[in-house]
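Undergrad: Pasting the sequence and the predicted model now:
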Amino acid sequence: QVLLVESGGGSVQPGGSLRLSCTASAFTFSSYAMGWFRQAPGKEREFVAGISRNNGLSSYADSVKGRFTVSTDNGKNTVYLQMNSLKPEDTAVYYCAARSFVSTRDADYNYWGRGTQVTVSS
């Protein structure tokens, strides 16, 4: 059974940094594109970042470009989301997801983690 487990969330002050991790099991990690999504209270889940399986190309939501970086370590079956210059509006539950190709639509993803909370507050 495919399992995605996120970690690394927490509370941080504005301007701070966090690195989220998502470790996958029970599938060939390098065969999947990975996406990060987030959902704030009262809002729909939104695409944050994604990384292609083939060439490692990454894509980002406009709201996080220049601040967040997605990367993978295939040897560890792990995808990371480095988040810098965090803002209060980044507060949300962050989820990782997997599918064949990167998509910005959450409905396209086959596998999901349970999420990790990120809170940005002074």
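TA: Nice, thanks for sending it over. Numbers count the residues shown, from 1 in each chain.

Undergrad: residues of whichever strand or helix holds residue 6 that come out buried?
TA: Using DSSP states H and E, residue 6 sits in strand 3-7. Using 16 or more other C-beta atoms under 10 Å as the burial criterion, the residues of strand 3-7 that qualify are 4, 6. For glycine as for every other residue, the C-beta is placed from the backbone atoms N, C-alpha and C.

Undergrad: Could you export it as CSV, keeping only the C-alpha atoms?
TA: The C-alpha trace of strand 3-7 is given here as CSV (Å, rounded to 0.1, in the frame of the first residue of the first chain):
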residue,chain,number,x,y,z
LEU,A,3,2.1,5.6,1.9
LEU,A,4,3.2,9.2,2.0
VAL,A,5,4.2,10.7,5.3
GLU,A,6,4.8,14.4,5.8
SER,A,7,6.9,15.9,8.5
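
Undergrad: Please identify the pairing partners of it and their relative orientation?
TA: Here strand 3-7 is paired, per DSSP bridges, with strand 18-25 (antiparallel).

Undergrad: Now do the strand it pairs with: distance to the chain's middle.
TA: 8 Å (C-alpha atoms, centre = their mean, to the nearest Å).

Undergrad: Done for today, thanks.
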